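>>> For reference, the sequence and a predicted model appear below.
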Amino acid sequence: PVLCAVVPLLVKSDAAFEGLVSGVVSKFASYMGKLVVTLILIPLCYFYLFSLRHKNSATEKGKLKKRKNLPYTVCTSFLCVISATYLLYLFSQLAYFFSAFSYILPEGYKNTASEFARRGFYEMCTVCAINLAIIGIIFAFVKGKNGKLLKALCTFVSVFSALLVILAMQKMVMNVSVYGLSKNRILVFAFMLMMLVVIVMLIVHIFAPKVPYMQTIIVFCSALLIAISYSNVDARIADYNIKAYNNHTLENLDVGNIADLSDSAVPYLISLAKNGNADAQEELYRVVGNNYHDELVLNLKTIEIKSSGDIRKFNYSHTLAANAIYDYHLSLDENGARIFANHSAIADYDKYYYLDKDTYCKISDDSCNETTYKLNKATGLYEKQ
């Protein structure tokens, strides 16, 4: 039953193993009918043999005997089969299994680096969870769990799980090197790091049962979550992506991704605009027009600071961003300041933008009349039509 869950997950997680299993299945397609019948009969035969060996016999107190331990031999045999499957998975992809460590995709791989990094992540999580559950059950219910063979098999399964996590982490690093950081990539990487710590501490527990492994896991995961919470993730993302782009380690900069971050990323968006990045300038118009009406007076001619007047609405990062926007507006020349104020006031979320005509339209809530603002290419300003 475990193989029925694990093998499809491994098939879905990797193209090479998928090809291997497909080839094996195609050769044995003629035996599938017999296999189905066998799977139906196996439980019936097992229940019958089990009943013969363990007949219901009452104790002196009239209660049935309970089996509290799993047979050592059965568990080692079970782990041998699982381990053999994992070995087959490893050998099926030796040609490119560690290609992620070289920052190259497997030969002939047609998907993007992002798809390569994503494929197998959820399957990896499920396989690791199954492996942890198996080892936990064995150490909870097997008599003679200190046997060398059982320890070796449990260690192999744990190391295989750790290898899957490490490979997934390295794929994520390759993904970041191509596309840059994002919130999802940071959180996924943190989750994989927590999972790796859990597996490592489980291996330690196999050989040193007295080590307080659960306390170590809780302390590490809690510390990591606290560090992420207080690290101002959005600012770190914007800072890293811009520096990587400027250092030519990142080929393309997703300015839209930076603009979609929180207020902490606005100063970095402004720095890009100051350096003449046209995309950053356009995204800055949209961000200002949509998010800063409570702190800035926006009209078609100028931008002014205003106070919200309600201390309950105060947000430190939002206030810093509003001040940075106002300072940037003041640093522009007269024409640039006028264009910045004009475009920011126009790029309001209440307006509809028509790209082919470079026109914004707004429908009045009262009269349902449409007001149109069209770009005057001579002045660079949007004018009411």
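Cool, got the structure. Numbers count the residues shown, from 1 in each chain.
>>> isn't Asn299 right up against Ala345?
Yes. At 5.4 Å, Asn299 counts as touching Ala345 under the criterion of Cβ atoms under 8 Å. (Each C-beta comes from the backbone N, C-alpha and C, glycine too.)
>>> Those two: who's more crowded?
Looking at Asn299 and Ala345 with other Cβ atoms under 10 Å, you find the greater number of neighbours at Ala345, namely 24 against 11.
>>> which residue packs closest to the more buried one, ignoring adjacent ones?
Nearest residue to Ala345, sequence neighbours excluded (Cβ to Cβ, 6 or more residues apart in numbering): Leu298, at 4.3 Å.
>>> For that neighbour, list each beta-bridge partner.
According to DSSP bridges, the residues that bridge with Leu298 are Ile303.
>>> how near is it to Tyr316?
Here the criterion is Cβ to Cβ, to the nearest Å. By it, Leu298 lies 22 Å from Tyr316.
>>> which of these two has more neighbours?
Taking neighbours as other Cβ under 10 Å, Leu298 and Tyr316 compare with Leu298 leading, 20 against 9.
>>> wouldn't that one be in contact with Ser344 here?
Yes. Leu298 is within contact range of Ser344, at 5.7 Å (criterion: Cβ under 8 Å).
>>> Ser177: neighbour count?
Residues within reach of Ser177, counting by other Cβ under 10 Å, total 14.
>>> Give me the pLDDT for it.
Listed pLDDT for Ser177 reads 85.
>>> For it, identify the helix or strand it belongs to.
In the assignment (DSSP states H and E), Ser177 maps to helix 148-179.
>>> Pull the number of nearby residues for the closest residue to Thr85 other than its chain neighbours.
Spatially, and ignoring its direct neighbours in sequence, Thr85 is nearest to Leu3 (6.2 Å; Cβ to Cβ, 6+ apart). For Leu3, the neighbour count with other Cβ under 10 Å is 12.
>>> Give me the pLDDT for Leu3.
For Leu3, the pLDDT comes out at 80.
>>> Pop the domain breakdown of the chain in here.
Per the record, the chain has its domains at 2-57+67-229, 252-349, 350-385, by automatic domain parsing.
>>> out of the ones you listed, deepest packed?
Ranked by mean neighbour count under mean count of other Cβ atoms under 10 Å, the domains of the chain are led by domain 252-349, which reaches a mean of 17.
>>> now the strands for the chain?
Ranges of strands in the chain, per DSSP state E, are 296-298, 303-305, 352-354, 359-363, 370-376, 381-384.
>>> which stretch in the ones you listed has the least confidence?
Mean pLDDT per stretch puts strand 352-354 lowest among the strands of the chain, at a mean of 56.
>>> mind listing the helices for the stretch 251-385 of the chain?
Along the stretch 251-385 of the chain, the segments classed as helices by DSSP state H, counting those that start in this stretch run 255-259, 266-274, 278-291, 316-331, 334-346.
>>> can you tell me which of those helices comes nearest to Leu224?
Nearest to Leu224, of all the helices of the stretch 251-385 of the chain, is helix 316-331, at 22.3 Å by Cβ to Cβ.
>>> got the angle for that closest one vs helix 334-346?
140 degrees (axes from the mean of the first three to the mean of the last three Cα atoms, to 10 degrees).
>>> quick check: angle from helix 316-331 to helix 266-274?
Using the same axes, to 10 degrees: helix 316-331 against helix 266-274 is 20 degrees.
>>> So which residues make contact with helix 316-331?
For helix 316-331, contacts defined as Cβ atoms under 8 Å, 6 or more residues apart in numbering pick out 232, 262-264, 266-267, 270, 273-274, 284, 288, 292, 295-296, 303-305, 337, 340-341.
>>> Over to stretch 297-307?
Here stretch 297-307 makes contact (Cβ under 8 Å, 6+ apart) with 288-289, 292, 294-296, 322-323, 325-326, 329, 337-338, 340-342, 344-346, 348, 381-382, 384.
>>> distance between the ends of it?
10 Å (Cα to Cα, to the nearest Å).
>>> okay but Phe17 is in contact with Val6, surely?
No. Applying Cβ under 8 Å, one finds Phe17 not in contact with Val6, separated by 11.3 Å.
>>> quick one: Leu149 from Thr155, how far?
In terms of Cβ to Cβ, Leu149 sits 11 Å off from Thr155.
>>> what are the phi and psi angles of Asn299?
Main-chain dihedrals, Asn299, degrees, to the nearest 10: phi -140, psi -180.
>>> no, scratch that, I was asking about Ser182
phi -150, psi 170.
>>> Name all residues that make contact with it.
Taking Cβ under 8 Å, 6+ apart, we find Ser182 in contact with Ile237, Asn257.
>>> Just the pLDDT at it, thanks.
Among the per-residue scores, Ser182 shows a pLDDT of 89.
>>> try Asn146
For Asn146, the predicted pLDDT is 69.
>>> try Ile134
At Ile134, the model reports a pLDDT of 89.
>>> Next one: it from Val11, what distance?
Ile134 is 19 Å from Val11, by Cβ to Cβ.
>>> Tell me where the stretch 101-250 of the chain has helices.
113-118, 121-141, 148-179, 183-207, 213-229, 233-246.
>>> would you turn these into JSON lines with distance to Leu375?
Converted to JSON lines, those look like this (distance: least, Cβ to Cβ, whole Å):
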{"stretch": "helix 113-118", "distance to Leu375": "35"}
{"stretch": "helix 121-141", "distance to Leu375": "44"}
{"stretch": "helix 148-179", "distance to Leu375": "32"}
{"stretch": "helix 183-207", "distance to Leu375": "34"}
{"stretch": "helix 213-229", "distance to Leu375": "42"}
{"stretch": "helix 233-246", "distance to Leu375": "29"}
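>>> where does this structure have its least confident helix or strand?
Least confident helix or strand of the chain, by mean pLDDT, DSSP states H and E, is strand 352-354 with a mean of 56.
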